[in-house]
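Trainee: one predicted model, sequence on top.
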Amino acid sequence: MSLVDDARKVRHNAYAPYSRFKVGVAIRSTSGNVFVGVNVENAAYPEGTCAEAGAIAAMIAAGDTRIAEIAVIADCPRPVPPCGGCRQKLSEFGARDVKVTLATTDGIVEQTSIGALLPGGFDAADMEKA
């Protein structure tokens, strides 16, 4: 099964009663394990959780720390990239050249990379004091 298939399967479990915009994500870690996540909304909109954040949390909880590949799928006319906050999260756990597959439920697929999604990104090393 491909990462897009994993993301497609889990997307149905997303909890999006307000926007009805369900997102599924699958992350393959550098150890080969696959972790999935979905968006979870609530009435306090900014307190929801993005699908990417959920998959990253599952990866970290399992003891993996590096992303090798990502797939994101949403029911939208065009592939939807991760939000700005998730782009930063992904960049902290994956190299700039990590492949990101963006897909729609209608079968449209685009490929990009973490570096292309977050040009000029930074990580914890950039925050160290000299």
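Mentor: Received it, and whenever you're ready, just let me know what you need. Numbering: from 1, shown residues only.
Trainee: can we go C-alpha only for contacts and neighbour counts from here?
Mentor: OK.
Trainee: how about residue 94, nearest residue that isn't a chain neighbour?
Mentor: residue 67 (4.6 Å; C-alpha to C-alpha, 6 or more residues apart in numbering).
Trainee: where along this protein do the strands fall?
Mentor: Shown for the chain, the strands assigned by DSSP state E span residues 23-29, 34-38, 67-74, 94-104, 109-113.
Trainee: which of those strands is buried the deepest?
Mentor: For the strands of the chain, average neighbour numbers computed from mean count of other C-alpha atoms under 10 Å are highest in strand 23-29, which has a mean of 28.
Trainee: tell me what angle it forms with strand 94-104.
Mentor: Angle between the axes of strand 23-29 and strand 94-104 is 140 degrees (criterion: axes from the mean of the first three to the mean of the last three C-alpha atoms, to 10 degrees).
Trainee: ok, strand 23-29: who's next to it in the sheet?
Mentor: strand 34-38 (antiparallel), strand 67-74 (antiparallel) (DSSP bridges).
Trainee: next one: residue 123, what pLDDT does it get?
Mentor: What the model reports as pLDDT for residue 123 is 66.
Trainee: hang on, the earlier thing: contacts only, for the residue nearest to residue 94.
Mentor: 27, 28, 29, 30, 90, 93, 94, 95, 98 (C-alpha atoms under 8 Å, 6 or more residues apart in numbering).
Trainee: how about 10 Å then?
Mentor: 27-34, 56, 59, 90-95, 98-99 (C-alpha atoms under 10 Å, 6 or more residues apart in numbering).
Trainee: in JSON lines: the strands of the chain, plus mean pLDDT.
Mentor: Shown next, in JSON lines, are these (pLDDT from 0 to 100):
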{"stretch": "strand 23-29", "mean pLDDT": "98"}
{"stretch": "strand 34-38", "mean pLDDT": "98"}
{"stretch": "strand 67-74", "mean pLDDT": "98"}
{"stretch": "strand 94-104", "mean pLDDT": "96"}
{"stretch": "strand 109-113", "mean pLDDT": "97"}
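Trainee: pretty sure residue 6 sits against residue 25.
Mentor: Yes - Residue 6 lies in contact with residue 25 (C-alpha atoms under 10 Å); the separation is 7.7 Å.
Trainee: good, wrapping up.
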